[in-house]
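Trainee: Sequence and predicted structure, then a few things I'm wondering about:
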Amino acid sequence: MNTSSGNKRLTADKTGYDAADEGEEQSGRWLISYADLITTLMVLFLALYVLQLAKTRELEINALERHVKTEATSATPDASKKRLLSLLEPLQDNRQITITNAAHGVEIAINAKVLFNSGDARLLPESFGVLNQIAGVLRDKSKNNILVEGHTDNAPISTAKYESNWELSSARAGAVVRFFADKGIEAHRMAAIGRADNFPLIIGDDAAARAANRRVTILVEY
């Protein structure tokens, strides 16, 4: 009888211990799951923080690059104009060719008698030298747009080829543009415009004023 009671007591005690162990094990599993969740959340928040830092850094770098680019862009035109002026300066002849730092770019003005016979728009062979030099500079040292304008004096013209100064001035501008295109300057950079006698350098009807007003201007735009 005592032995049977003892066995029952041992069995009950063992069952109690097993239940307690199982409860502790279940409690431990919960703690492990909770710890895993906390660790996962920490890793997630850390990753988000690192991504935000990277994004902020990228924005700062982009802002700095834009600032540097803006400063470089704002400084480039003046420096480029000065360089172009210095390259063209040797061609300047106050009587026939002038180089000017104009508001919208660098302007090269060539007296018409250097380029054409009176009332004609065919380039003179003796003009090829100076035009070659100008074309070389504008082709190799500049990528800006080029506006070529023909100007006449106020003496009316009416011939079988040119009905007015509009046609003559346009043809002269076109002749210079074609010459530059043949020398390798990209056609899309250039435009030819006839101004007739609407933009005189000197107001007057005397021979000196008319001679000064007959010209071709080459504007390198900035």
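Mentor: Perfect, I can see it now. Numbers count the residues shown, from 1 in each chain.
Trainee: Need the phi and psi values for the closest residue to residue 201 other than its chain neighbours.
Mentor: Leaving aside its chain neighbours, residue 201 sits nearest to residue 212 (5.0 Å; criterion: CB to CB, 6 or more residues apart in numbering). C-betas here are computed from N, CA, C, even on glycine. With angles defined as degrees, to the nearest 10, residue 212 shows backbone torsions of phi -70, psi -30.
Trainee: From here on, call the first residue 58.
Mentor: Noted, 58 is the first residue going forward, which turns the last one into residue 269.
Trainee: Next one: residue 269 from residue 218, what distance?
Mentor: Distance of residue 269 to residue 218, computed by CB to CB, to the nearest Å: 24 Å.
Trainee: the more surrounded of the two?
Mentor: It is residue 269, of residue 269 and residue 218, that has more neighbours when counted by other CB atoms under 10 Å, with 17 against 11.
Trainee: Contact partners for the more buried one?
Mentor: Contacts for residue 269 (CB atoms under 8 Å, 6 or more residues apart in numbering) come out as 168, 258, 259.
Trainee: The first one pairs with what?
Mentor: Taking DSSP bridges, one finds residue 272 as the beta-bridge partners of residue 168.
Trainee: Let's see the pLDDT reported for residue 132.
Mentor: Note for residue 132: predicted pLDDT of 52.
Trainee: Please apply the same query to the one 3 residues further on.
Mentor: pLDDT recorded at residue 135 is 84.
Trainee: same check, this time on residue 85
Mentor: 62.
Trainee: got the buried residues for stretch 190-199?
Mentor: By 16 or more other CB atoms under 10 Å, the buried positions in stretch 190-199 come out as 191, 192, 194, 195, 199.
Trainee: quick one on the thing from earlier: adding neighbour count and pLDDT, write the contacts of residue 269 out as CSV.
Mentor: Formatted as CSV, the contacts of residue 269 follow (neighbours: other CB atoms under 10 Å; pLDDT from 0 to 100):
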residue, neighbour count, pLDDT
168, 18, 97
258, 13, 94
259, 12, 94
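Trainee: what about this protein, any weak spots by pLDDT?
Mentor: For the chain, applying pLDDT under 70 flags the ranges 58-85, 88, 125-132.
Trainee: Which residue ranges make up each domain of the protein?
Mentor: 58-133, 149-278 (automatic domain parsing).
Trainee: if you compare those, which one is most tucked away?
Mentor: Stretch with highest mean neighbour count among the domains of the chain: domain 149-278 (a mean of 17; mean count of other CB atoms under 10 Å).
Trainee: Ends of it, what's the gap?
Mentor: Start-to-end span of domain 149-278 (CA to CA, to the nearest Å) is 19 Å.
Trainee: secondary structure class for the nearest residue in space to residue 228 that is not next to it in sequence?
Mentor: In space, and not counting its chain neighbours, residue 228 is closest to residue 178: 3.6 Å by CB to CB, 6+ apart. Secondary structure state of residue 178, per DSSP: H, G, I helix; E, B strand; the rest coil, is coil.
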